[in-house]
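> sequence and predicted structure below; questions after.
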Amino acid sequence: MLWTTALVNSRALNHSMGMRKNHPPVNRKTPSKTHADEIEFLEGPACTNTALRLASRRLGGLYDEAFAAVGLKATQVSLLAEVDRLTTSNSGQAPTLQELALKLAILISALTHALRPLVRDGLVELQHDEQDGRTKRAALTTAGAASLREAHARWSVVNQHVEDVLGTDAAATLRSLADHVASDEFLAVYNKAKAKTPASKR
């Protein structure tokens, strides 16, 4: 159901964006070539990027609503959870900012920006590495760990609601496809396909 809604919405969004352009008056019986080409484009295959963005925005809103009582957004909960996972997998040593940024596939500048309110609120502590003072590590504080536990309890509820609506198989397929698109393997195959495309059409 969510896939269908996202695809329909993407078509509607693309159509409305096209309609907002200030086109010169045209004869409806004999549309100009430019207008005809635009109609053909809008009626073409749905934009995968738009569909995924719409679906992500909808899901993000549902999870944000669930985490509001904890004072966090879904993206912040994901960041806290990743710090916790990396710390656990590294025998209790907090991850460096470089490790965290790499795992999240974001730039260091974006990571430090995202960490700033968590540090301000006392949920994350930035520590200097014992062997390299220029390297910083992100560690959950006691308050951060408590907030993550509370958020996880709320996450379990909304996550189950989403799975109930989609169905177990569809939800698993959705996660699998999302993980694949986010993988380095997908990017490598995409770049190979792109390399075969004439430069004028990239």
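Yes, it's here. Remember, predicted model here, so these are calculated numbers, not experimental data.

> what values do phi and psi take at the residue lying closest to residue 171 once chain neighbours are set aside?
What sits nearest to residue 171 in space, not counting adjacent residues and going by Cβ to Cβ, 6 or more residues apart in numbering, is residue 163, at 4.5 Å. Just so you know, the C-beta spots here come from the backbone N, C-alpha and C atoms, and that holds for glycine as well. Dihedral pair for residue 163: phi -70, psi -40, per degrees, to the nearest 10.

> please apply the same query to residue 139.
Dihedral angles (degrees, to the nearest 10) for residue 139: phi -120, psi 140.

> contacts only, for residue 77.
Applying Cβ atoms under 8 Å, 6 or more residues apart in numbering to residue 77 gives the contacts 63, 67, 70, 148, 151, 155.

> chain center to the host helix or strand of residue 179, what's the gap?
For residue 179, the element it lies in under DSSP states H and E is helix 168-181. Remark: helix 168-181 is offset 14 Å from the chain centroid, using Cα atoms, centre = their mean, to the nearest Å.

> tell me which other helices or strands it touches.
Contacts defined by 3 or more Cβ pairs under 8 Å, 6 or more residues apart in numbering; DSSP states H and E place helix 168-181 against helix 2-19, helix 142-166.

> give me the contact list for the longest one.
Where contact means Cβ under 8 Å, 6+ apart, the residues beyond helix 142-166 that reach it are 1-2, 59, 62-63, 65-67, 69-72, 77, 80-81, 83-84, 118, 121-125, 140, 171, 174.

> thank you kindly, that will do.
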